[in-house]
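Undergrad: The sequence isn't on hand, but the structure is:
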C-alpha cells in the first residue's frame, strides 16, 4: 500500500505526457458545494489519470467525496476548478448538449438501481443506447452482448421476469454495447446477494480483459478486490492506493486509514 498524494504519474502507470492512453484524466479538480459559511469542499485538488483497459475501484468513508468524484469524472457534474478529460476530450467549456452527446457516445453507466425500462425486453433495453443516439441498432453486437452476459434464452423477457442479478447483467450489457471509452459503476453490486455479486463482478472483470475501462465506486472489499488498483479517498483527496488488491489487504488498508483519519479529526492535526 502506498499513501500520500496520488497523481496521474503514479496511478495505473499513466503519465501527463501520454494523453492517448488515458480513458479518464482529472487535473487539480476542486468541487465546492454551497456558498459562504456553508461551503463544503467535496474534492480538493484531485489529479489522476486512469489508463485504458484497466479496472479501478474507488473507496472511502461516507462523505469522503466518492460520489462527487464519479459525477465529475463522468461529466455529470462540473468542477469548481480544474479540468476533466474523457477519451482525450476536455470537458471544460462544453455546452450541456455537447456533454450529453459525449456521455451518450463515450461513457457507460451501471448503478445499484438497474434503471431498466419495464416495458422493454432484455434485447430492447440493451439496444436503448442506439435508439437514444438516433442510430441504427447493431444487431450482431447486441446479440454478442446478450450471449456474453448469459441471457440468450431470456432475450424476450421483461425486467419483471428476471432476477436482480439478471437485471444487473442487462444493465451491464447496455453499458457495454456501444463500446464506450469508460464505464462508471456506482455500487453495482449493492442490491445483490453474495453469489450474484460474484457473478456480476466476474462479468466486469472479463469486460476489462477484452479492453474495457471500468471505474467503480464501492464500499465492499470483496467487490474492490476484483479491480487492478484500489484508490482510497479521504476528505476529498486520494490518500492511498493498493495494487493487486485482496479483500484482506483492502480491509487492512481501510482500518489503517480510518484510524489515522479518526486521530486527525480528534486532534485537528494532519498526519
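TA: Cool, the structure landed. Please read all numbers here as calculations on a predicted model, not as lab measurements.
Undergrad: Please identify which helix or strand holds residue 175.
TA: Residue 175 belongs to helix 164-176 when elements are defined using DSSP states H and E.
Undergrad: List the buried residues for that helix?
TA: 165-176 (16 or more other CB atoms under 10 Å). For every residue, glycine as well, the C-beta is placed using N, CA and C.
Undergrad: any idea of the mean pLDDT for it?
TA: Taken as a whole, helix 164-176 carries a mean pLDDT of 95.
Undergrad: quick one: contacts of that helix?
TA: Counting contacts by CB atoms under 8 Å, 6 or more residues apart in numbering, the residues outside helix 164-176 that touch it are 108-111, 114-116, 122, 125-126, 128-129, 145-146, 148-151, 154, 159, 162, 183, 188-189, 191-193, 196, 199-200, 203-204, 207, 212.
Undergrad: so where's the stretch 1-150 of the chain uncertain?
TA: Low-confidence segments of the stretch 1-150 of the chain (pLDDT under 70): 1-21.
Undergrad: just checking, residue 231 touches residue 237?
TA: No: in this structure, residue 231 is not within contact of residue 237 by CB atoms under 8 Å, at 10.6 Å.
Undergrad: So for the two, which sits in the more crowded spot?
TA: Set residue 231 next to residue 237 and count neighbours by other CB atoms under 10 Å: residue 231 wins out with 25 against 20.
Undergrad: measure that one to residue 43 for me?
TA: Residue 231 sits 13 Å away from residue 43, taking CB to CB, to the nearest Å as the criterion.
Undergrad: Ok, residue 63 next?
TA: 12 Å.
Undergrad: Who has more neighbours out of these two?
TA: It is residue 43, of residue 63 and residue 43, that has more neighbours when counted by other CB under 10 Å, with 29 against 14.
Undergrad: which element is that one on?
TA: Taking DSSP H and E as the definition, one finds residue 43 inside strand 40-51.
Undergrad: For that strand, buried residues please.
TA: 41-51.
Undergrad: swap in stretch 205-224?
TA: Of the residues in stretch 205-224, those with enough neighbours to count as buried (16+ other CB under 10 Å) are 207-208, 212-218, 220-224.
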